[in-house]
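**Q** Here is my input; please provide its structure:
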Amino acid sequence: MSRLNIIFLFAFLVTMNSWAQNNHNYKVTYQTKIIKPQKKNNTKEDKTISAEEKAANRYKEIIFNDYLYSMVAISELKIIENQSTYKTRKTLDEDEIKASVRNFFNSITKNSGEYYYNLKTNEELLAKNTFGKDFLIFNQRNSISWTITKDKKTICNFICYKATATLKVKNAVNKGAKKKVTVWFTQSIPVSFGPFDYSGLPGLILEVNVTSNYGSILTTANKVDLNVKELKIKAPTKGKKVSLEEYEKISRNLLKKGSYLN
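**A** Below is the predicted model:
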């Protein structure tokens with residue numbers, strides 16, 4: 001553990017101790033969008049590509065530019081003591097678009113299903129509908145080896161610090177692949193939670209940036225409610241209960257049969 005990480009951990013423990021006698025309920029609203037990657041200059045066109053493939057690529061680019069990069073998902077993180085839930089409330093579009101494109105966006109950004117996490121037991125549940133079937137995926141959340149930097153910026157009037165990590169991709173399509181994750185967390189809210197399945201820092205994560213083949217997936221808090229009264233958290237129960245490994249195996253088998261992964 002680096003000296004900087006030790007300093008943050010010590011400050012976190014001191015802050016947590018001062019807050020221990022009070023119950024703090026939080027509700028954080030996030031927006032997720034995909035930032036279009038910059039086009040490389042002087043890129044030569046592959047002459048081996050057929051006219052049909054060129055037309056398909058142009059159509060794909062139009063769909064992405066007109067729809068995918070204009071979408072925004074609105075999600076909500078609820079925190080009560082050692083428990084949290086994270087769920088997308090709605091996906092906004094510039095106009096009415098096909099459900100398949102919206103599903104594709106939600107798949108890329110992980111904005112499908114409901115995440116439940118118990119910090120005390122390290123139990124993670126993901127309620128998700130895949131291939132028209134409801135699954136309840138259980139898992140013991142792995143600790144993330146974060147590298148905390150000295151970089152700072154302000155999000156929702158909270159001073160945030162930057163942390164980075166390289167993680168394995170958790171899905172049936174890109175098994176074994178890795179992704180680079182950059183997050184910004186605030187020690188002003190000393191809870192080890194964040195959106196999706198990101199956690200384990202000495203403060204609430206207010207922004208997540210993940211690199212992908214489609215561009216940067218950016219999730220940023222735009223509203224933080226402190227000490228919310230009558231906030232309730234309930235672990236999801238709907239769906240066939242399977243382990244993460246079992247779910248990935250089921251997904252791969254259905255993909256081989258030509259099913260679409262949500």
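
**Q** For stretch 192-207, what does the pLDDT average out to?
**A** Stretch 192-207 shows an average pLDDT of 95 in the prediction.

**Q** Same question for stretch 77-85.
**A** In this model, stretch 77-85 has a mean pLDDT of 94.

**Q** First residue to last residue on it, what's the distance there?
**A** Using C-alpha to C-alpha, to the nearest Å, the gap from the first to the last residue of stretch 77-85 comes to 6 Å.

**Q** likewise stretch 206-218?
**A** Taking C-alpha to C-alpha, stretch 206-218 runs 11 Å from one end to the other.

**Q** outside of that stretch, which residues touch it?
**A** 28, 32-37, 64, 68-69, 108-110, 155-156, 158, 160, 179-186, 194-196, 198, 219-221, 224 (C-beta atoms under 8 Å, 6 or more residues apart in numbering). From N, CA and C alone the C-beta is placed, and that goes for glycine too.

**Q** Buried subset of these, written for ChimeraX?
**A** In ChimeraX, selecting the buried portion of the contacts of stretch 206-218, with burial taken from 16 or more other C-beta atoms under 10 Å, looks like this:
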select :28,32,33,34,64,68,69,108,109,110,155,156,158,160,181,182,183,184,185,186,194,195,196,198,219,220,221,224
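
**Q** N129 is in contact with E114, isn't it?
**A** No: counting by C-beta atoms under 8 Å, N129 does not reach E114; the two are 10.4 Å apart.

**Q** So if I had to pick from the two, which one is more boxed in?
**A** More neighbours sit around E114 than around the other of N129 and E114, counting by other C-beta atoms under 10 Å; the figures are 17 against 13.

**Q** residues in contact with the more buried one?
**A** T85, Y86, K87, L126, A127, K128, P236.

**Q** Any quick PyMOL command for the buried ones out of those?
**A** Buried members of those can be picked out in PyMOL with the line below, counting by 16+ other C-beta under 10 Å:
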select buried, resi 85+86+87+126+127+128+236
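
**Q** Tell me which two of the contacts of E114 sit farthest apart.
**A** Based on C-beta to C-beta, the longest span within the contacts of E114 runs between T85 and K128 and measures 13.5 Å.
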